[in-house]
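Enquirer: no sequence on this one, just coordinates:
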């Protein structure tokens, strides 16, 4: 505290942290600025520590009472009605509040001692002010941490609202009834829920990491950690995979699906940023970030394109034709235009002509197409298929593939149908390839956690590039050989 670093706060549940921050905002005379520090964070949620690293012997909430009882803490607090309640009555009306607070803090202190005994810290003090790390690396790491902090505040604020309010903002799905368990085609247990008349459509999609909570639960982050395996509105069912072992559910209860405050992709972002700046093997990306990636392409490619345009216009206007030449002139291109100007149409032709040019030269070419959302990627791939079917049927050498499982929300027919694959060997075996994936998709495709970041993609292309933060963009850029297109 004397050195200006402030104390470290051990709290129990995200609600407590949020309430302390609200208190801090009201302090006008001497604002406790250390509460908003991010490097390192001054917060440790003991509840999350025990949820993450310990398996409870019975179903129920990971409450202060339950942990105090399980770990035989000397202080006692009032027993809740059931393992799924926090207090004997609704709200926080307590008998002898001073005594209850003192007992609660003593239990937390004993739990802290238990955690230190059973767990070994893996924290690396990467925020040492005397560090000789690249200042750019530290800047991006701080950005990632700050983005995560704001993400947590946003979800905590939303989840203070009523379930009805969260549903109206598409931030939750409510009134779900547990129906049955079944096995999927991989032999995994699925928990199947039926939609009710009060269940409304939501932005959640297959593969999302969520929390399954009982209606009326005090903190929805106490719910079960699940993955959305199926969301079929027409059939009126939602299927979930558990991320925390077997789930004990009751057909008489109503459940809601909520956003998970934890970001399980955070380690991937940190890993990629460290790889770019620590290993010194990515000079092209560092030039790109510094704004000095100004290399030109070989003249042969541009000559081929001009000849091709003379023979094949395909309705491209002069502005689109001019933009089409950019990737054939420069290794880095930025194409910008307002909505409705045909950017997706142009991008599809760019991808097609890059493949045709490389094929004509007998040179393999693999293009990675990325964006913040699956919808943006799917739109580009569908447009490529549409144009190929319309103008180049049986003469286009490229393969147009989306990395991942086929999804019901992008099923298309005829000339827009997208090919999906999760077979890395099959995908990368194509010599002329247009491959769509999110940044996390590319990270999983190349198994970067264990195998590093191979320079496999001759081009990395971003659609709706203005929506993408630099750390997220690095998830795709890191696999590029030095040719980039940003469209937005």
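Expert: Thanks, I have it. All figures in this text were calculated on a predicted structure; none of them were measured in a lab.

Enquirer: residue 177 is in what secondary structure piece?
Expert: Using DSSP states H and E, residue 177 sits within strand 172-183.

Enquirer: in that strand, which residues are buried?
Expert: By neighbour count with 16 or more other C-beta atoms under 10 Å, strand 172-183 contains the buried residues 172-179. Quick note: C-beta positions are derived from backbone N, CA and C, even for glycine.

Enquirer: need the residues you listed in TSV with distance to residue 239, can you?
Expert: As requested, the buried residues of strand 172-183 are exported to TSV (distance: C-beta to C-beta, whole Å):
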residue	distance to residue 239
172	18
173	13
174	17
175	17
176	11
177	13
178	11
179	10
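
Enquirer: any idea which element residue 305 lies in?
Expert: Using DSSP H and E, the element containing residue 305 is helix 299-311.

Enquirer: now that helix: buried residues?
Expert: Neighbour-count burial for helix 299-311 flags 301-302, 304-305, 308 (criterion: 16+ other C-beta under 10 Å).

Enquirer: for the stretch 1-150 of the chain, which spans come out with low pLDDT?
Expert: Within the stretch 1-150 of the chain, the stretches with pLDDT under 70 are 1-5, 38-40, 86-96, 122-134.

Enquirer: sorry, slip of the keys, the one I care about is the stretch 301-450 of the chain.
Expert: Residues of the stretch 301-450 of the chain that meet the criterion pLDDT under 70 lie in 407-416.

Enquirer: quick one, strands of it?
Expert: Taking DSSP state E, counting those that start in this stretch as the criterion, the stretch 301-450 of the chain carries its strands at 332-335, 365-370, 399-403, 419-421, 432-436.

Enquirer: now the residue positioned nearest the centre of the chain, nearest residue through space, not along the chain?
Expert: Taking C-alpha atoms, centre = their mean as the criterion, residue 265 is the residue nearest the geometric centre of the chain, at 5.4 Å. Computed as C-beta to C-beta, 6 or more residues apart in numbering, the closest residue to residue 265 that is not its neighbour in sequence is residue 440, at 5.7 Å.

Enquirer: what sits against residue 366?
Expert: Contact partners of residue 366, counting by C-beta atoms under 8 Å, 6 or more residues apart in numbering, are 428, 430, 432-433, 435, 456-459.

Enquirer: could I get those residues as JSON lines with neighbour count and distance to residue 312?
Expert: Shown next, in JSON lines, are the contacts of residue 366 (neighbours: other C-beta atoms under 10 Å; distance: C-beta to C-beta, whole Å):
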{"residue": "428", "neighbour count": "17", "distance to residue 312": "30"}
{"residue": "430", "neighbour count": "17", "distance to residue 312": "24"}
{"residue": "432", "neighbour count": "18", "distance to residue 312": "18"}
{"residue": "433", "neighbour count": "21", "distance to residue 312": "22"}
{"residue": "435", "neighbour count": "25", "distance to residue 312": "24"}
{"residue": "456", "neighbour count": "16", "distance to residue 312": "30"}
{"residue": "457", "neighbour count": "27", "distance to residue 312": "26"}
{"residue": "458", "neighbour count": "18", "distance to residue 312": "23"}
{"residue": "459", "neighbour count": "23", "distance to residue 312": "21"}
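
Enquirer: for the residues you listed, which one is nearest residue 148?
Expert: residue 457 (27.5 Å; C-beta to C-beta).

Enquirer: pretty sure that closest one contacts residue 370?
Expert: No. The criterion here is C-beta atoms under 8 Å, and residue 457 misses it with residue 370 at 9.6 Å.

Enquirer: overlap in contacts, the two.
Expert: The contact sets of residue 457 and residue 370 overlap at residue 476 (C-beta under 8 Å, 6+ apart).

Enquirer: you'd agree residue 387 is up against residue 348?
Expert: Yes. The pair residue 387 and residue 348 passes the contact test of C-beta under 8 Å, sitting 5.4 Å apart.

Enquirer: can you pick out the residue with more neighbours from these two?
Expert: residue 348 (24 against 18; other C-beta atoms under 10 Å).

Enquirer: could I get the contacting residues of that one?
Expert: Applying C-beta under 8 Å, 6+ apart, we find residue 348 in contact with 380, 383-384, 386-387.

Enquirer: hey, where'd the helices end up in the stretch 201-350 of the chain?
Expert: Remark: helices assigned in the stretch 201-350 of the chain by DSSP state H, counting those that start in this stretch are 266-278, 283-290, 299-311, 318-329, 343-360.

Enquirer: and those helices as TSV, adding distance to residue 375?
Expert: Formatted as TSV, these follow (distance: least, C-beta to C-beta, whole Å):
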stretch	distance to residue 375
helix 266-278	21
helix 283-290	26
helix 299-311	30
helix 318-329	23
helix 343-360	12
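
Enquirer: most tightly surrounded among these?
Expert: helix 343-360 (a mean of 21; mean count of other C-beta atoms under 10 Å).

Enquirer: now the angle from that helix to helix 299-311?
Expert: For helix 343-360 against helix 299-311, the angle by axes from the mean of the first three to the mean of the last three C-alpha atoms, to 10 degrees is 120 degrees.

Enquirer: between helix 343-360 and strand 432-436, how big is the angle?
Expert: Using the same axes, to 10 degrees: helix 343-360 against strand 432-436 is 150 degrees.

Enquirer: buried sites along the longest helix along the chain?
Expert: Ranked by number of residues, the top helix in the chain under DSSP state H is helix 135-158. For helix 135-158, the neighbour count (16+ other C-beta under 10 Å) marks 137-138, 140-141, 143-145, 147-148, 152-153, 155-156, 158 as buried.

Enquirer: now swap in stretch 470-487 and tell me
Expert: For stretch 470-487, a neighbour-count test (16+ other C-beta under 10 Å) marks 471-480, 482-487 as buried.

Enquirer: which ones among those residues map onto strands?
Expert: When DSSP state E is applied, those are split such that 480, 482-487 fall in strands.

Enquirer: need those residues in TSV (columns: pLDDT and distance to residue 244).
Expert: Putting those into TSV (pLDDT from 0 to 100; distance: C-beta to C-beta, whole Å) gives the following:
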residue	pLDDT	distance to residue 244
480	94	37
482	92	43
483	95	43
484	96	40
485	96	41
486	96	39
487	94	40
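
Enquirer: wait, doesn't residue 20 sit right on residue 9?
Expert: Yes. Between residue 20 and residue 9 there is a contact under C-beta under 8 Å: 7.2 Å.

Enquirer: find residues that contact each of these two.
Expert: Common contact partners of residue 20 and residue 9 (C-beta under 8 Å, 6+ apart): residue 35.

Enquirer: what's the burial count for residue 62?
Expert: The burial count for residue 62: 21, using other C-beta under 10 Å.

Enquirer: tell me the contacts of it?
Expert: 47, 50-51, 56, 222.

Enquirer: how near is the closest residue to residue 374 other than its chain neighbours to residue 85?
Expert: Spatial nearest neighbour of residue 374, chain neighbours left out: residue 438 (6.5 Å); criterion: C-beta to C-beta, 6+ apart. Separation of residue 438 from residue 85 (C-beta to C-beta, to the nearest Å): 40 Å.

Enquirer: go on, residue 467?
Expert: Computed with C-beta to C-beta, the distance linking residue 467 and residue 85 is 42 Å.

Enquirer: can you check residue 163 too?
Expert: 17 Å.

Enquirer: which of these two has more residues huddled nearby?
Expert: For the pair residue 163 and residue 85, the greater number of neighbours falls to residue 163 (21 against 18), based on other C-beta under 10 Å.

Enquirer: ok, now which ones touch the residue lying closest to the more buried one once chain neighbours are set aside?
Expert: Spatial nearest neighbour of residue 163, chain neighbours left out: residue 174 (5.0 Å); criterion: C-beta to C-beta, 6+ apart. Residues in contact with residue 174 (C-beta under 8 Å, 6+ apart) are 163-164, 166-167, 198-200, 215, 254, 256.
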